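>>> Provided below for reference: sequence and predicted model.
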Amino acid sequence: MGSSKLTDAKVQRTVAKSPGLSLYQLSRRTRWSLGKVDGAVSRLVNAKKLFIVVGEHNGRKQSQVFPIEYRPTTKVSVPSHLLQVGNPAWRDFAYVYALDNTTIGIAGRPLPEWDKNASFAEKTPTALTKDHVDFEIPEKFVSFYQLATHFFTKAVSANNVLINVGAAIQEERPYPS
């Protein structure tokens, strides 16, 4: 096994154990130079084994590295014990609201206060399993929030789901020549 393959394997293992590390943090964990880590990350990103979220932290650009399986999808699955799944809340539909330019609100029943303030809203079907409530984020939201190219997080609060759209995902990384 070549030296770069060993380097890549160690970087991939480190990222799997600690997703979201910056390149600097990754170089500290591996005790390698930033250049060596950057090269390995570039190879792994281009091989679709890792992805990078480029954001801002304390006014500086920061790249966080994640395993590819952490990439968010537009299918949302929420453990049902976190929601009050009753009749009719969450049974048949979820109500999706564009609350602001970075926040999507999702409720199990219509919320007039969100509907009044939302840029747009849609109803989407839900699928209930024994342990989860599953639904797909409507295409209008995927397009508006650019969810195919942006990282987002989900939180549950007061029987509602909030999706916060964050930094851009970098799927290709030029390798220094």
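Happy to help now that I have it.
>>> low pLDDT regions in the protein?
1-2, 87, 174-177 (pLDDT under 70).
>>> how's it carved up into domains?
3-70, 75-166 (automatic domain parsing).
>>> from the chain's centroid, how far away is the first one?
It refers to domain 3-70. Relative to its parent chain, domain 3-70 has a centroid offset of 17 Å by Cα atoms, centre = their mean, to the nearest Å.
>>> mean neighbour count and distance to residue 172 for the domains of the chain - can I get that in CSV?
The C-beta positions use only the backbone N, C-alpha and C, and glycine is treated the same way. Listed next are those as CSV, based on neighbours: other Cβ atoms under 10 Å; distance: least, Cβ to Cβ, whole Å:
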stretch, mean neighbour count, distance to residue 172
domain 3-70, 16, 6
domain 75-166, 15, 12
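>>> so which of those domains is nearest residue 173?
Residue 173 sits nearest to domain 3-70 of all the domains of the chain, at 4.3 Å, using Cβ to Cβ.
>>> gap between the two ends of the closest one?
Domain 3-70 has its terminal residues 27 Å apart, counting by Cα to Cα, to the nearest Å.
>>> go on, stretch 150-170?
Termini of stretch 150-170 sit 9 Å apart (Cα to Cα).
>>> just how off-centre is it within its chain?
Computed by Cα atoms, centre = their mean, the chain-centroid distance of stretch 150-170 equals 7 Å.
>>> go on, stretch 119-132?
With Cα atoms, centre = their mean, you get 18 Å for stretch 119-132.
>>> please enumerate the helices of the protein.
Shown for the chain, the helices assigned by DSSP state H span residues 3-17, 23-30, 34-46, 112-117, 139-144.
>>> any chance of those helices in CSV with distance to residue 67 as columns?
Below are the helices of the chain laid out as CSV (distance: least, Cβ to Cβ, whole Å):
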stretch, distance to residue 67
helix 3-17, 5
helix 23-30, 13
helix 34-46, 9
helix 112-117, 34
helix 139-144, 23
